[in-house]
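Engineer: sequence first, predicted coordinates after that:
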Amino acid sequence: MAFDYDLFVIGGGSGGVRAARVASATGAKVALAEEYRMGGTCVIRGCVPKKLMVFASEFNEAMSDARAYGWDVPDGTFNWLEFRGKLHAELDRLEGVYRRLLDGSNVEIFDARATLKDAHTVTLSTGQTFTAKHILIAVGGRPSVPEMENAGLGITSNEIFLLDELPKSILIVGGGYIACEFAGILNGLGVEVTQYYRGEQILRGFDGEARGLIADQMKERGVDLHCGVNILSMEKQGDQICVKGTNGVEKLFDQVMFATGRSPNTQGLGLEEVGIKTGRKGEIVVDEYSQTNIPSVFAIGDVTDRVQLTPVAIREAMAFVETVFKGNPTAVDHELIPSAIFTQPEYGVVGLSEEDAAAKGPIEVYVASFKPMHHAFAGRSDRVLMKLIVCADTRKVLGCHIVADHAGEMIQMVGIAVKMGATKEDFDRTVAVHPTMAEELVTMKAPTRTA
Ligand code: NDP
């Protein structure tokens, strides 16, 4: 049977765009449909604008540090609308880059919503229908908000980049990546931030010691963080929102932001009609080659709810093209993925937490926690954490946790060594770079504890 395309990609985010371009480079005839803006969550309403907001929010502290270092810096004020204008101009530029990359790769772009009609057919919101030998679903996810009365009064990370003015006060609900990152960002920009997290400590699943340090320092920097508290009810009161917490406290906020997780964008996509298996959260179930139970249909990225990170979606895209268009079946390696949480302080992590490693077998834990030179001189009290978890039997470094400025940059490098299977002794025979914070990673002699 002759198809209109060899590959039809649904979704123009990091994963979809990469798969379309690379597949097209193999000589395949490729089309891509995107219903909103090219670039997806990462570029339009995620990693990129978030990181620019992190940068913007750090100047307050930098200016105060500058004074401590002898500079005469007056108190500045932050102009949200000026920043927002530049932010959106940058996002427009990046969207253009993505579009040009696809055009330059001979991928046909449809600015339309696509749904599945059958195993080889997609229907567009324009009314057009196309057939394809392979269909790749890369439609990502969206913020999910708890089902409660008046939940619509709150915003999510989608709206935060579009606000006409910064609120004076905000309640952030949640204790995951997005909640903790935005608590730091908005606090740095001068917003009074309250954060409610239902569990006993933020950043569930990560290393306990790192979580504790981040929580303490978020509070020290001004975030009014309450663990073990959730939102009970909310209602409009004048221009504000009156929130009742499970702690019995009733408080007024200018805004409430839900950062309570993300759900796969699978609703109304035609999956049920075609018989594609989905999981409990609506995620598309795939095998290690990103293939669904319908052999012509594949799915990558957040819609599969494996590891919700841009570089992982890109890896899945590359593996998909290797498998389907290059005749080289390639499973995606989801082990030992380094990542960073852009909290303030920043957290870089690769491998196991102390708790998870200890549950698997005997370990040695090496910890250095200290006031770094830069902060100490500036009179800041914050400490940094450098932590290695080592397998007592194989001597391999099973996990590395860094809570410090630029932890994301550091963990990228440590990630290479850990992925290669470096042992504690490999770290030890690496000469320190002095004076840096990271030198502690290669100079920790005796274990702080064993487990
Ligand atoms: P997370 O899953 O990280 O966090 C969701 C938070 O919301 C958790 O604290 C969870 O609590 C809480 N929660 C869930 N449901 C409710 C509810 N009904 N009421 C109250 N609280 C609730 O999701 P995020 O939205 O923060 O981020 C989504 C994903 O995006 C992340 O997992 C990550 O993969 C990715 N991401 C990565 C970033 C990075 O790499 N720097 C930055 C931002 C996002 P509990 O712990 O109790 O379940």
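Structural biologist: In hand now; what should we look at?
Engineer: might you report the residue contacts of the residue in the chain positioned nearest to the ligand?
Structural biologist: The minimum distance from the chain to the ligand, using Cβ to the nearest ligand atom, falls at Gly176 (1.9 Å). Glycine gets a C-beta too; all of them are placed from N, C-alpha and C. Residues in contact with Gly176, defined by Cβ atoms under 8 Å, 6 or more residues apart in numbering, are Ile202, Leu203, Arg204, Ala259, Thr260, Gly261.
Engineer: my read is that the third one contacts Tyr177, right?
Structural biologist: Put plainly, it is Arg204. No: using Cβ atoms under 8 Å, Arg204 makes no contact with Tyr177, being 10.7 Å away.
Engineer: give me the more crowded residue out of those two.
Structural biologist: Tyr177 (24 against 12; other Cβ atoms under 10 Å).
Engineer: grab the nearest non-local neighbour of the more buried one.
Structural biologist: Closest residue to Tyr177 apart from its sequence neighbours, by Cβ to Cβ, 6 or more residues apart in numbering: Ile341 at 5.5 Å.
Engineer: okay, the one you found: pLDDT?
Structural biologist: Confidence at Ile341, expressed as pLDDT, is 98.
Engineer: who's it bridged to?
Structural biologist: Counting by DSSP bridges, Ile341 forms beta bridges with Tyr347.
Engineer: so how far is the biggest helix by length in the chain off the chain centroid?
Structural biologist: In the chain, with assignment by DSSP state H, the single longest helix is helix 80-104. Remark: helix 80-104 is offset 20 Å from the chain centroid, using Cα atoms, centre = their mean, to the nearest Å.
Engineer: other SSEs contacting that helix?
Structural biologist: helix 14-25, helix 40-45, helix 47-57, strand 108-110 (3 or more Cβ pairs under 8 Å, 6 or more residues apart in numbering; DSSP states H and E).
Engineer: try 10 Å
Structural biologist: Counting by 3 or more Cβ pairs under 10 Å, 6 or more residues apart in numbering; DSSP states H and E, the packing neighbours recorded for helix 80-104 are helix 14-25, strand 30-33, helix 40-45, helix 47-57, strand 108-110.
Engineer: buried ones in the first one?
Structural biologist: If I follow you right, that is helix 14-25. Ser14, Gly15, Gly16, Val17, Arg18, Ala19, Ala20, Arg21, Val22, Ala23, Ser24 (16 or more other Cβ atoms under 10 Å).
Engineer: now swap in stretch 314-331 and tell me
Structural biologist: For stretch 314-331, by 16+ other Cβ under 10 Å, it's 314-325, 330.
Engineer: need those in CSV (columns: secondary structure, pLDDT and distance to the ligand).
Structural biologist: Converted to CSV, the buried residues of stretch 314-331 look like this (DSSP: H, G, I helix; E, B strand; the rest coil; pLDDT from 0 to 100; distance: Cβ to the nearest ligand atom, whole Å):
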residue, secondary structure, pLDDT, distance to the ligand
Ile314, helix, 98, 13
Arg315, helix, 98, 14
Glu316, helix, 98, 14
Ala317, helix, 98, 17
Met318, helix, 98, 19
Ala319, helix, 98, 19
Phe320, helix, 98, 20
Val321, helix, 98, 23
Glu322, helix, 98, 24
Thr323, helix, 98, 24
Val324, helix, 98, 26
Phe325, helix, 98, 28
Thr330, coil, 98, 23
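Engineer: nearest to Met1 among those residues?
Structural biologist: Distances from Met1 to those, taken as Cβ to Cβ, are shortest for Val324 (17.2 Å).
Engineer: quick one: contacts for the closest one?
Structural biologist: 6-7, 19, 23, 26, 28, 133-134, 136, 289-291, 296, 298, 330 (Cβ atoms under 10 Å, 6 or more residues apart in numbering).
Engineer: which residues does Tyr366 bridge with?
Structural biologist: With DSSP bridges as the rule, Tyr366 is bridged to Leu388.
Engineer: that one: neighbour count?
Structural biologist: 22.
Engineer: in JSON lines, list the helices and strands packed on helix 80-104 along with mean pLDDT and distance to the ligand.
Structural biologist: Converted to JSON lines, the helices and strands packed on helix 80-104 look like this (pLDDT from 0 to 100; distance: least, Cβ to the nearest ligand atom, whole Å):
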{"stretch": "helix 14-25", "mean pLDDT": "98", "distance to the ligand": "12"}
{"stretch": "strand 30-33", "mean pLDDT": "98", "distance to the ligand": "23"}
{"stretch": "helix 40-45", "mean pLDDT": "96", "distance to the ligand": "8"}
{"stretch": "helix 47-57", "mean pLDDT": "98", "distance to the ligand": "7"}
{"stretch": "strand 108-110", "mean pLDDT": "98", "distance to the ligand": "26"}
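Engineer: list just the nearest of the buried residues of stretch 314-331 to Arg429.
Structural biologist: Arg315 (30.7 Å).
Engineer: list the contacts of the closest one.
Structural biologist: Per Cβ under 10 Å, 6+ apart, neighbours of Arg315: Gly15, Arg18, Ile300, Val307, Leu309, Thr330, Val332, Asp333, His334, Ile337.
Engineer: same thing with Thr126?
Structural biologist: Ala33, Phe110, Asp111, Ala112, Arg113, Ala114.
Engineer: same thing with Val312?
Structural biologist: Per Cβ under 10 Å, 6+ apart, neighbours of Val312: Ser14, Gly15, Ile300, Gly301, Asp302, Thr304, Arg306, Val332, Asp333, His334, Ile337, Ser339.
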